[in-house]
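A.B. asks: Pasting the sequence and the predicted coordinates here, then a few questions.
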Amino acid sequence: MKYADSVLDLIGNTPLVRLNSVAEGVQATVLAKLEYLNPGGSVKDRIAAALVDSAEKSGRLRPGGTIVEPTSGNTGVGLAMVAQARGYGMVCVTPDKVGEEKRDTLRAYGARVALVSSSVPPESEESYYGVSDALAREIEGGFKPDQFNNPAAPQAHYETTGPEIWRDTEGKITHLVAGAGTGGTVTGTGRYLKEVSADREGGPVTVIVADPEGSVYSGGSGKPYFVEGVGEDMWPANYDTEVPDEVHAVTDAEAFEMTRRLAKEEGLLVGGSSGMAVAGALKAAKTLPADAVVVVILPDSGRGYLGKVFNDEWMAERGFPVERGESLPRVPGLIATGAEDGGTPREAEAAARDSLRAAAAGSVSVPSAATVGEALDAAESAGRGGVVVGPEALPAALGEMRAVLAADDLRRALLAGTAERGTLLAEALADAVLDGAPVLVGTGQGPRVLAERLGENGVVALAEDGRVLGAVTSAEALPALRA
Ligand code: PMP
């Protein structure tokens, strides 16, 4: 009989598949390593068992103990699977930008889930690093594997991912492309592949990191972006800067477009970090010869992102382009043909985008620490009806925006005496207002949606490609609505 003793024995040995449609025009062979076929659904299964093994050996994890880890989900699933099999408790600390589906998944595996804010600096005790440290201390028998610094994580990739790729490409791989979160994957896999190919006639394997624009690895300052699980706002020990030969920045828009194409054109339903890695790999592969073999690691499945990158409304509100499918013929019994919520017809879309952009032109922002008077002055001297709170300048990453405020609301607060000019915005406004999600309209959504949202709110934030262009009120929107 052919069977595994435990689901843990099914980790690794994931297949390579050639990319065809998305790699059109590329001479090199581009192969995707499908890590979502691991039993927990991601590349992180590989490190989970390794982290627990090393902690048991060193005595840092004892029988009946509890594993506490900051994780965007995938490491949590891997660790929860191992915890289950070996009788440990599991607590996952997750940033709030992580999708609810991922948290439900962790709970399904029996983990307890703690939630922390994504917009807290990494050195703060309220960051997900800080909170996980505190929980590991407070919980009896608590142990933090620390995937960011624990050498057992890259070692797992050195021992499994790297050798699998070398074996399956029969030593022909020329380029490895991977995203880096903790850095474990690229450090371990890349290190192995470089070592094993060091004396090869064609030279060693070139290691390329594909990185979200804004992340420190590609020279950013840690500004927020939407792709999950990759990029960093600090330098973890498990990211060995000696391993990557090149680092390429990939925008959210490029990553998400490729993520959707992989599902539609290659039958690969994968997450945004996979789309980002493939976008980076194809940029690198464009200039490579026909005998080059590029292997790109696809870390997880798209199932965890159905409410985000695969949700048209979520994408459109953030100003990411959404390709519309053809509508179905009207036949009796059909409730929806797919054309009802199409927004703006394709041919009118470019003009609609331009008019919405024009409505946001001249928008201004104030920092979160500004006073009511400063915010009002900023709006008035720019001749605008509102301000964006948070970013230093516009346009900015949507994640930097804390709120959009209408100047009229600020004036009313002054008149009513509920605020003075010197009152901090954060104090003047209920927390719900400053921290509540501003109403978003993507430039591709067109004037109809803009009018609808402005009917319900005094001011909305206009977004394009995951960036905020400005705050727009009805008066500013009028020319766009008339166009
Ligand atoms: N993609 C996703 C979806 C992830 O969760 C992670 C892990 N943070 C990565 C990529 C990056 O892997 P690593 O931490 O090994 O760099």
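C.D. replies: Yes, it's here.

A.B. asks: CA atoms for contacts and neighbours, from now on please.
C.D. replies: OK.

A.B. asks: near the ligand, which residues of the stretch 51-200 of the chain?
C.D. replies: 72, 74, 179, 180, 181, 182, 183, 184, 185 (CA under 6 Å from any ligand atom).

A.B. asks: hang on, residue 23 packs against residue 30?
C.D. replies: Yes. Between residue 23 and residue 30 there is a contact under CA atoms under 8 Å: 7.3 Å.

A.B. asks: ok, the two, which is more surrounded?
C.D. replies: Regarding residue 23 and residue 30, a neighbour count based on other CA atoms under 10 Å identifies residue 30 as having more, with 26 against 20.

A.B. asks: What about residue 336, how many residues nearby?
C.D. replies: 12.

A.B. asks: Report the separation between it and the ligand.
C.D. replies: Separation of residue 336 from the ligand (CA to the nearest ligand atom, to the nearest Å) stands at 34 Å.

A.B. asks: same thing with residue 400?
C.D. replies: From residue 400 to the ligand the distance is 21 Å (CA to the nearest ligand atom).

A.B. asks: what number of residues lie near that residue?
C.D. replies: Neighbours of residue 400 (other CA under 10 Å): 20.

A.B. asks: show me the contacts for it.
C.D. replies: Residues in contact with residue 400 (CA atoms under 8 Å, 6 or more residues apart in numbering) are 223, 224, 390, 391.

A.B. asks: And the helices in the stretch 151-300 of the chain, which stretches?
C.D. replies: For the stretch 151-300 of the chain, the helices defined by DSSP state H, counting those that start in this stretch cover 152-159, 161-168, 184-196, 252-266, 272-285.

A.B. asks: so can I have a markdown table of those showing mean pLDDT and mean neighbour count?
C.D. replies: Formatted as a markdown table, those follow (pLDDT from 0 to 100; neighbours: other CA atoms under 10 Å):
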| stretch | mean pLDDT | mean neighbour count |
| --- | --- | --- |
| helix 152-159 | 98 | 24 |
| helix 161-168 | 98 | 19 |
| helix 184-196 | 98 | 25 |
| helix 252-266 | 98 | 20 |
| helix 272-285 | 98 | 28 |
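
A.B. asks: which neighbours do residue 23 and residue 30 share?
C.D. replies: Joint contacts of residue 23 and residue 30 (CA under 8 Å, 6+ apart) are residue 282.

A.B. asks: in this structure, which helix or strand is least confident?
C.D. replies: Between all helices and strands in the chain, the lowest mean by mean pLDDT, DSSP states H and E belongs to helix 431-435, at a mean of 48.

A.B. asks: Please name every helix or strand in contact with the helix or strand harbouring residue 455.
C.D. replies: Secondary-structure assignment from DSSP states H and E places residue 455 in helix 446-456. Helices and strands touching helix 446-456, by 3 or more CA pairs under 8 Å, 6 or more residues apart in numbering; DSSP states H and E, are helix 346-360, strand 440-442, helix 474-482.

A.B. asks: please redo it, this time with the cut-off set to 10 Å
C.D. replies: helix 346-360, strand 440-442, strand 459-464, strand 467-473, helix 474-482 (3 or more CA pairs under 10 Å, 6 or more residues apart in numbering; DSSP states H and E).

A.B. asks: residues of the longest one that come out buried?
C.D. replies: Within helix 346-360, the residues that qualify as buried are 349, 351, 352, 353, 355, 356, 357, 359, 360, counting by 16 or more other CA atoms under 10 Å.

A.B. asks: what's the answer for stretch 411-420, then?
C.D. replies: So for stretch 411-420, counting by 16+ other CA under 10 Å, buried means 411, 413, 414, 419, 420.

A.B. asks: Spit out the contact partners of residue 89.
C.D. replies: Taking CA atoms under 10 Å, 6 or more residues apart in numbering, we find residue 89 in contact with 64-68, 79-80, 83, 110-112, 141-143.

A.B. asks: likewise residue 45?
C.D. replies: 8, 10-12, 35-36, 38-39, 74-82, 156.

A.B. asks: switch to 8 Å and redo it
C.D. replies: Shown in contact with residue 45 (CA under 8 Å, 6+ apart): 11, 12, 38, 39, 74, 75, 77, 78, 79.

A.B. asks: Indicate which one of the helices and strands packed on helix 446-456 is closest to the ligand.
C.D. replies: strand 467-473 (21.5 Å; CA to the nearest ligand atom).

A.B. asks: Any chance you could list what contacts the closest one?
C.D. replies: 318-319, 357, 359-365, 385-388, 394-398, 401, 404-406, 454, 458-463.

A.B. asks: From those, keep the buried residues only.
C.D. replies: Using 16+ other CA under 10 Å as the burial test, the contacts of strand 467-473 include 318-319, 357, 359-361, 363-365, 385-388, 394-398, 401, 404-406, 454, 458-463 as buried.

A.B. asks: could you give the mean pLDDT of stretch 409-428?
C.D. replies: Averaging pLDDT along stretch 409-428 gives 88.

A.B. asks: Please save the CA atoms from it in PDB.
C.D. replies: What follows is stretch 409-428, C-alpha atoms only, in PDB (Å, rounded to 0.1, in the frame of the first residue of the first chain):
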ATOM      1  CA  ASP A 409     -16.700  69.100   8.900                       C
ATOM      2  CA  LEU A 410     -13.700  70.800  10.500                       C
ATOM      3  CA  ARG A 411     -15.400  74.300  10.300                       C
ATOM      4  CA  ARG A 412     -18.500  72.900  11.800                       C
ATOM      5  CA  ALA A 413     -16.500  71.400  14.700                       C
ATOM      6  CA  LEU A 414     -14.900  74.800  15.300                       C
ATOM      7  CA  LEU A 415     -18.300  76.600  15.200                       C
ATOM      8  CA  ALA A 416     -19.900  74.100  17.500                       C
ATOM      9  CA  GLY A 417     -17.000  74.400  19.900                       C
ATOM     10  CA  THR A 418     -16.300  70.700  19.900                       C
ATOM     11  CA  ALA A 419     -12.700  71.500  18.700                       C
ATOM     12  CA  GLU A 420     -10.300  74.400  18.700                       C
ATOM     13  CA  ARG A 421      -7.800  75.300  16.100                       C
ATOM     14  CA  GLY A 422      -5.000  73.900  18.300                       C
ATOM     15  CA  THR A 423      -6.800  70.600  18.900                       C
ATOM     16  CA  LEU A 424      -5.000  67.600  17.500                       C
ATOM     17  CA  LEU A 425      -6.900  65.900  14.700                       C
ATOM     18  CA  ALA A 426      -6.600  62.600  16.600                       C
ATOM     19  CA  GLU A 427      -8.300  64.200  19.600                       C
ATOM     20  CA  ALA A 428     -10.900  66.200  17.700                       C
END
